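after the sequence you'll find the predicted model.
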Amino acid sequence: MFREGTCPKCHQVIQVPDDREKVICMYCGEEIRVDEALGVKEEVKEIDREAYQEYFDKARNELEQVIRTCYNPMENFKKNLYESEFEAYYAGRRELFEALDQVYQNDEHPEESLQKLAEHMIRTAQDELQEIRFKGRRTQRQLDYNFLISVYLVPSMMKYPAEFSEPFADCLIKQWNRTFQTSLGKATYDDINKGFRRKLCYITTAVCEGLDKGTDCAELRLLKAYRDQYMEATPEGRAMVDEYYDIAPTIVKRIEKEADSRKIYQGLYEDYLVPCIHMIQDGQYEACRDTYEEMVLELKNRYMN
């Protein structure tokens with residue numbers, strides 16, 4: 001019987017027989033273990049104190065690398081790329097998850113150890129942020145960390161078949177939110193992937209389609225990432241987004257009925273969306289939120305009253 005797996009070497013999705021121990025990857029030609037391709041964790045064996053410390057240090061160092069190697073995680077967060085990016089990230093963090101699993105299974109007080117590891121990761125992030133001189137770049141890096149944790153790291157943990165996954169995800173998110181005053185949530189890969197099929201940026205999407213830019217243009221991707229990783233990171237921002245999705249579909253339908261809808265979209269693009277994009281690129285996130293809110297308020301007054 002063949003099952004879908006992921007090559008731990010090249011990260012391609014492959015079909016592997018579950019009745020064999022090893023196979024040759026058809027993409028990279030490397031010999032791989034079937035259990036690794038299928039994401040089956042090895043049986044955890046009882047270890048001595050020295051070995052335990054090695055695993056703890058391994059997990060500690062790997063969590064440092066999660067922060068230190070965080071570069072533009074939003075870049076490939078697209079409907080047609082997210083699956084492969086996520087699988088590559090998941091495969092690349094196998095050593096971290098194995099080390100966390102060993103720590104959790106061989107500690108008398110595993111929750112305390114997980115807390116120490118989460119605190120170390122957060123201190124690493126704080127140290128990295130303090131090294132960034134300019135506020136705008138520092139804010140962008142903070143957003144990158146938020147995005148990486150909520151879209152790649154935590155969903156990867158939730159996918160890994162081990163007892164530590166839920167407790168460590170909960171511990172990390174709780175401490176991260178408390179330290180950085182954010183509101184990251186715990187989502188699985190399936191939760192996030194399904195999100196590509198809902199919660200469209202109605203007005204922005206309509207503008208881009210109305211101007212023949214398509215639904216995967218750079219403007220739309222940037223504003224979606226801003227919505228997900230900045231607006232929804234606070235209760236106030238989420239409340240604004242929720243209100244927006246209550247009224248935006250009606251606004252778009254009424255614009256579409258206008259004879260000069262293309263002219264309306266062109267005006268929205270030039271007066272609001274382009275300035276918002278420049279503000280995001282310059283790290284002026286609050287100003288972008290105010291500008292977008294001003295656009296929605298104008299449209300609400302024009303089409304909802």
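Yep, that arrived. These numbers were taken from a predicted model, which means no experiment stands behind them. Numbers count the residues shown, from 1 in each chain.

contacts, neighbours, all on C-alpha from now
OK.

quick one: distance of stretch 81-90 to the chain centre.
The chain centroid and the centroid of stretch 81-90 are separated by 11 Å under C-alpha atoms, centre = their mean, to the nearest Å.

any stretches of the stretch 1-150 of the chain with poor pLDDT?
Residues of the stretch 1-150 of the chain meeting the criterion pLDDT under 70: 1, 18, 40-47, 79.

so which bits of the strand or helix carrying Met121 are buried?
Element membership for Met121 (DSSP states H and E) is helix 110-130. Buried residues in helix 110-130, counted by 16 or more other C-alpha atoms under 10 Å: 110-111, 113-115, 117-122, 124-125, 129.

residues in contact with the residue of the chain most remote from its centre?
Centroid-distance maximum for the chain: Ala259 at 39.9 Å, with C-alpha atoms, centre = their mean. For Ala259, the contact set (C-alpha atoms under 8 Å, 6 or more residues apart in numbering) is empty.

did I read that right, it in a helix?
No. Judged by DSSP: H, G, I helix; E, B strand; the rest coil, Ala259 forms no part of a helix; its state is coil.

and it, how close does it get to Lys213?
Separation of Ala259 from Lys213 (C-alpha to C-alpha, to the nearest Å) stands at 20 Å.

check Arg133 too.
Following C-alpha to C-alpha, the distance that separates Arg133 from Lys213 is 36 Å.

with Thr204 instead?
11 Å.

same check, this time on Arg262
Going from Arg262 to Lys213 by C-alpha to C-alpha gives 12 Å.

more crowded one of those two?
More crowded of Arg262 and Lys213, by other C-alpha atoms under 10 Å: Arg262, with 18 against 15.

give me phi/psi at the residue nearest to that one when sequence neighbours are not counted?
In space, and not counting its chain neighbours, Arg262 is closest to Gly210: 5.9 Å by C-alpha to C-alpha, 6 or more residues apart in numbering. Per-residue torsions, Gly210: phi -60, psi -20 (degrees, to the nearest 10).

how about Phe77?
Phi and psi for Phe77, reported as degrees, to the nearest 10, are phi -80, psi 80.

also Ile14?
According to degrees, to the nearest 10, Ile14 has phi -130, psi 160.

the one 10 residues further on too?
Listed backbone geometry of Ile24 is phi -100, psi 130, with angles given as degrees, to the nearest 10.

quick one: contacts of the helix holding Met121?
By C-alpha under 8 Å, 6+ apart, the list of residues contacting helix 110-130 from outside reads 59-60, 63-64, 67-68, 103-104, 107, 138, 141-142, 167-168, 171-172, 175-176, 179.

CA atoms of it as PDB?
The C-alpha trace of helix 110-130 is given here as PDB (Å, rounded to 0.1, in the frame of the first residue of the first chain):
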ATOM      1  CA  PRO A 110       8.500  18.300  31.500                       C
ATOM      2  CA  GLU A 111       6.300  21.500  31.700                       C
ATOM      3  CA  GLU A 112       9.100  23.300  33.500                       C
ATOM      4  CA  SER A 113      11.700  22.300  30.900                       C
ATOM      5  CA  LEU A 114       9.400  23.400  28.100                       C
ATOM      6  CA  GLN A 115       8.900  26.700  29.800                       C
ATOM      7  CA  LYS A 116      12.600  27.200  30.100                       C
ATOM      8  CA  LEU A 117      13.100  26.500  26.400                       C
ATOM      9  CA  ALA A 118      10.300  28.800  25.400                       C
ATOM     10  CA  GLU A 119      11.800  31.600  27.600                       C
ATOM     11  CA  HIS A 120      15.200  31.100  26.000                       C
ATOM     12  CA  MET A 121      13.700  31.400  22.500                       C
ATOM     13  CA  ILE A 122      12.000  34.600  23.500                       C
ATOM     14  CA  ARG A 123      15.100  36.000  25.000                       C
ATOM     15  CA  THR A 124      16.900  35.300  21.800                       C
ATOM     16  CA  ALA A 125      14.200  37.200  19.900                       C
ATOM     17  CA  GLN A 126      14.500  40.100  22.300                       C
ATOM     18  CA  ASP A 127      18.300  40.200  21.900                       C
ATOM     19  CA  GLU A 128      18.000  40.200  18.100                       C
ATOM     20  CA  LEU A 129      15.400  43.000  18.200                       C
ATOM     21  CA  GLN A 130      17.600  45.200  20.400                       C
END
